[in-house]
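Participant: Task: produce atomic coordinates for the following.
(2 chains, ligands or ions: 1)
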Amino acid sequence: MASVKKQLSENKLSDRLAIALRKPGKLVSIYFTAGYPGLGDTVPIIRELQAAGADMVEIGLPFSDPLADGPTIQESSTAALKNGMTTSRLFEQLRGIRSQIDIPLILMGYFNPILQYGVEAFCRKCREVGIDGLILPDLPLEIYERDYQHHFKAQGLSMIFLISPQTSETRIRRIDAASDSFIYMVSSASTTGVQEGFGQGQQAYFDRIAAMDLEHPQLVGFGISDAQSFRAATRNAKGAIIGSAFIRLLTEKGVAGIRGFVEGLRSS
Amino acid sequence: MSQYSVDEYGFYGEFGGAFIPEMLYPNVEELRENYREILASEEFQQEFRALLRDYVGRPTPLYYADRLSDAYNCRIYLKREDLCHTGAHKVNNTIGQILLAKKLGKKRIIAETGAGQHGVATATVCALMGLPCVVYMGEVDIARQAPNVARMKLLGAEVRPARSGSRTLKDATNEAIRDWINNPVDTHYIIGSVVGPHPYPDMVTRLQAVISEEIQAQLQEKEGRPDPDVLIACVGGGSNAAGTYYHYLDREHVQIIAAEAAGKGVDTGESAATSALGRVGIIHASKTLLMQTDDGQITEPYSISAGLDYPGVGPLHAHLFATGRARFIPVTDEEAMEAGRELARLEGIIPAIETSHALAVLAKGAVPEGSLTVINVSGRGDKDLQTYIDYFKLA
Ligand SMILES: Cc1ncc(COP(=O)(O)O)c(C=O)c1O
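Facilitator: Below you'll find the model as predicted:
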């Protein structure tokens, strides 16, 4: 037991993430806001997503001022906070989740709630409940490396960085070098849920990134809502992340609609 | 380098930085790489100075307030930013930023506004330069500030309601930032105070620093010395204060006072006294003092003055507070309203309610007798007439 623990802590990247990224085929990663639609829905949603064949789940930690998000995710965050979701409550809900769930779990959130929780304590807690990686859109690479990365690395947490169509080639290479699992490729210059589907501009961008032959696989996010956009996004990339469209599904159909939604993404 | 200027990473001590999503990196980086050079260039300085002189009406007077001085047994000068075109100091910043935007080849301007003063100042310079202008304003503020909404529209700007969150200034700022994410190439965001990601706090401070530059020269002329004993300004985000303090930050013998809005009282739950109630956190991409819950959710401040109800404060001011360089004094709605009426009666000047907070420091006994004091009159009270009418039952 002790040796297994030791081995894990020495791993740069959690085995769950590494294994998922090596799977054949395209990966479906689903984002939802913790505490929405109901405070107690976190674990049932994750369970249903795994059963439906999702390869990865991004759990959104709700924030009062989500700068990078469009109206759908903003509204789900406001509702989740009203329902009483907090960082500590989310960790309570996730305690023991690893006895039922083996797909990678990624926490996505803004940096301020984490700063208030205490970065070191937050990272320890992530490790304890079985979180594999983090997406913190407002913690940029430079500040992460200078001030915080030792806390995340000490707990074997993968930090996932974003790139956008405006990111320069030099910077993409730098982000690739700083990454240890995958790169979150934002499909267009936009906040979440603003754009639906892709045009020629996006395809050119997807091709440009594919031609860079990066060390780490890319998952495309923002603007993916159905089988067609999923296919377009993953022509070159390893997978895609669906957020706003999934939140809309939860609003309309609740947990019962999850299976059909995830299966529908892969239908041809 | 001064311990009060920004370091190479964009921090003032522990405060500041640029906690931006990657989608904003190119926009902010373009500014960061260019702003100092552009601001220092001969061409920019000539255009900026000419517009400040001929369009804004600078230098604004430094006026010796005789009757006010008598009332408080000290020598009080008022720096008359209320006489600027559009009625407040805000226009110093928007003139500078629109020139910068043009140098960077930007074709579209966005801004946020709370009370509407910065929105009006932005709409004004956009009209002047013939650039399209979108101003984000919280739905709640649009309802409260109808005259300024009308002004912006008359000036040709589009006013877009911010419907998210608490639908006030902080949400209008969120919406402006989101607009910038969605329009990364051709749009410049004219932020209205010394807040937001680096380089904004430093850039806006430098543009507002014309205030302290003039105070120095005017005091020299009138008093034979450039330095007052005490400098007072109100702090919302902190732009008029930063401009008032700038040339005095390293002159430690000049006492600096910052008046912040205590609303109904610091401990009433209806306050905007950030230094008293805030903890270190991140708001609008800047690490600073801000009002928030234990869980790190940003809370909604309250003040009778729509220009001071910001839940954070610029990182420079957080640093001035933490180092003790500035003394922060909370001023309630009531104290401010009384001070505003007093200035009207003693000097014939009706100040903006934001400014009234700075004036109220006098009645709180914070200025030693006999001291040579400069108070920045950040704006005039025209926009606040309805609030004065309701408060003093003048109708
Ligand atoms: C007249 C006046 N003074 C002060 C302020 C507060 O802003 P700042 O702290 O950036 O000077 C405002 C903001 O609207 C204002 O209109």
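Participant: C-alpha from now on. contacts and neighbour counts both.
Facilitator: Will do.
Participant: sec struct for the residue nearest the centre of chain A, please.
Facilitator: Nearest residue to the geometric centre of chain A (C-alpha atoms, centre = their mean): residue A:58, 3.8 Å. Three-state call for residue A:58 (DSSP: H, G, I helix; E, B strand; the rest coil): strand.
Participant: That one pairs with what?
Facilitator: residue A:31, residue A:106 (DSSP bridges).
Participant: So stretch A:84-103, near chain B or not?
Facilitator: Yes: residues of stretch A:84-103 contacting chain B under C-alpha under 8 Å from any C-alpha of the partner chain: A:86-87.
Participant: how far out from the middle of the chain is that stretch?
Facilitator: Chain-centre distance of stretch A:84-103: 15 Å, with C-alpha atoms, centre = their mean, to the nearest Å.
Participant: in that stretch, what's buried?
Facilitator: A:85-87, A:90-91, A:93-95, A:97, A:101, A:103 (16 or more other C-alpha atoms under 10 Å in any protein chain shown).
Participant: Verify the stated contact: the residue nearest to the centre of chain A with residue A:105.
Facilitator: Yes: with contact defined as C-alpha atoms under 8 Å, residue A:58 and residue A:105 form a contacting pair (6.0 Å).
Participant: pLDDT on stretch B:371-391, on average?
Facilitator: Stretch B:371-391 shows a mean pLDDT of 96.
Participant: End to end on it, go ahead and measure it.
Facilitator: End-to-end distance for stretch B:371-391: 32 Å, by C-alpha to C-alpha, to the nearest Å.
Participant: and the residue lying closest to residue A:117 once chain neighbours are set aside, how many neighbours?
Facilitator: For residue A:117, ignoring the flanking residues on the chain, the nearest one in space by C-alpha to C-alpha, 6 or more residues apart in numbering or on different chains is residue B:295 at 6.9 Å. Residue B:295: 17 surrounding residues under other C-alpha atoms under 10 Å in any protein chain shown.
Participant: and residue B:295, how far is that from residue B:313?
Facilitator: For residue B:295, the distance to residue B:313 - C-alpha to C-alpha - is 20 Å.
Participant: Residue A:147 too?
Facilitator: From residue A:147 across to residue B:313, the span is 22 Å (C-alpha to C-alpha).
Participant: Over to residue A:245?
Facilitator: Using C-alpha to C-alpha, we find residue A:245 at a distance of 36 Å from residue B:313.
Participant: Run through the chain and note the low-pLDDT ranges.
Facilitator: Went with chain A since none was named. For chain A, applying pLDDT under 70 flags the ranges A:1-13, A:268.
Participant: Let me rephrase: I mean chain B.
Facilitator: For chain B (pLDDT under 70), the answer is B:1.
Participant: and it, what are its domains?
Facilitator: With domains defined by automatic domain parsing, chain B comprises B:18-51+B:90-204, B:57-87+B:209-392.
Participant: ends of the longest one, how far apart?
Facilitator: The first and last residues of domain B:57-87+B:209-392 sit 32 Å apart, counting by C-alpha to C-alpha.
Participant: How about stretch A:49-67?
Facilitator: With C-alpha to C-alpha as the measure, stretch A:49-67 spans 27 Å from end to end.
Participant: interface residues of the stretch 101-250 of chain B facing the ligand?
Facilitator: The stretch 101-250 of chain B comes close to the ligand at residues B:115, B:117, B:193, B:235-241, as judged by C-alpha under 6 Å from any ligand atom.
Participant: what are the ranges of the strands in chain B?
Facilitator: Assigned by DSSP state E, chain B shows strands spanning B:11-12, B:15-16, B:62-64, B:75-80, B:108-113, B:133-138, B:158-162, B:187-189, B:230-234, B:255-263, B:279-283, B:286-290, B:326-332, B:372-377.
Participant: Mean neighbour count for the ones you listed - can I get that in a markdown table?
Facilitator: Putting the strands of chain B into a markdown table (neighbours: other C-alpha atoms under 10 Å in any protein chain shown) gives the following:
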| stretch | mean neighbour count |
| --- | --- |
| strand B:11-12 | 24 |
| strand B:15-16 | 27 |
| strand B:62-64 | 17 |
| strand B:75-80 | 23 |
| strand B:108-113 | 26 |
| strand B:133-138 | 28 |
| strand B:158-162 | 20 |
| strand B:187-189 | 24 |
| strand B:230-234 | 27 |
| strand B:255-263 | 27 |
| strand B:279-283 | 24 |
| strand B:286-290 | 28 |
| strand B:326-332 | 23 |
| strand B:372-377 | 25 |
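Participant: and chain A, which of those is closest to it?
Facilitator: Among those, the nearest to chain A by C-alpha to the nearest C-alpha is strand B:279-283 (5.5 Å).
Participant: who's in contact with residue A:246?
Facilitator: A:30-32, A:225, A:261 (C-alpha atoms under 8 Å, 6 or more residues apart in numbering or on different chains).
Participant: swap in residue A:202?
Facilitator: By C-alpha under 8 Å, 6+ apart, the residues touching residue A:202 are A:165, A:187-188.
Participant: how many neighbours does residue A:59 have?
Facilitator: 24.
Participant: no wait, residue A:213
Facilitator: Residue crowding around residue A:213 was assessed by other C-alpha under 10 Å; the count is 9.
Participant: Residue A:75 now?
Facilitator: Residues lying near residue A:75 (other C-alpha under 10 Å) number 20.
Participant: Distance-wise, check it relative to the ligand.
Facilitator: 28 Å (C-alpha to the nearest ligand atom, to the nearest Å).
Participant: Just give me how far stretch A:97-116 sits from the chain centre.
Facilitator: Distance, centroid of stretch A:97-116 to centroid of chain: 9 Å (C-alpha atoms, centre = their mean).
Participant: what do you get for stretch A:123-137?
Facilitator: Taking the mean of its C-alpha atoms, stretch A:123-137 sits 11 Å from the chain's own mean (C-alpha atoms, centre = their mean).
Participant: Put the alpha carbons of that stretch into PDB.
Facilitator: Coordinates of each C-alpha in stretch A:123-137 appear next as PDB, following Å, rounded to 0.1, in the frame of the first residue of the first chain:
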ATOM      1  CA  CYS A 123      -4.200  20.800  -4.000                       C
ATOM      2  CA  ARG A 124      -4.000  18.400  -1.200                       C
ATOM      3  CA  LYS A 125      -7.800  18.000  -1.100                       C
ATOM      4  CA  CYS A 126      -7.900  17.500  -4.900                       C
ATOM      5  CA  ARG A 127      -5.400  14.600  -4.600                       C
ATOM      6  CA  GLU A 128      -7.400  13.200  -1.600                       C
ATOM      7  CA  VAL A 129     -10.700  12.900  -3.500                       C
ATOM      8  CA  GLY A 130      -9.100  11.800  -6.800                       C
ATOM      9  CA  ILE A 131      -9.000  14.800  -9.000                       C
ATOM     10  CA  ASP A 132      -6.500  14.400 -11.900                       C
ATOM     11  CA  GLY A 133      -6.100  17.800 -13.400                       C
ATOM     12  CA  LEU A 134      -7.100  21.400 -13.300                       C
ATOM     13  CA  ILE A 135      -8.200  24.000 -15.800                       C
ATOM     14  CA  LEU A 136      -7.900  27.500 -14.200                       C
ATOM     15  CA  PRO A 137      -8.500  30.000 -17.100                       C
END
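Participant: Test my guess that residue B:163 contacts residue B:142.
Facilitator: No: the pair residue B:163 / residue B:142 is not scored as a contact, 10.8 Å apart, by C-alpha under 8 Å.
Participant: and these two? which has more neighbours close in?
Facilitator: Neighbours per residue, other C-alpha under 10 Å: of residue B:163 and residue B:142, the larger number sits with residue B:142, 24 against 17.
Participant: residues in contact with the residue in the stretch 1-150 of chain A that the ligand sits nearest to?
Facilitator: Nearest to the ligand in the stretch 1-150 of chain A, going by C-alpha to the nearest ligand atom, is residue A:65, at a distance of 20.5 Å. Shown in contact with residue A:65 (C-alpha under 8 Å, 6+ apart): A:74, B:165, B:171, B:174, B:297-298.
Participant: cool, residue B:253 as well?
Facilitator: Here residue B:253 is in contact with residue B:229 (criterion: C-alpha under 8 Å, 6+ apart).
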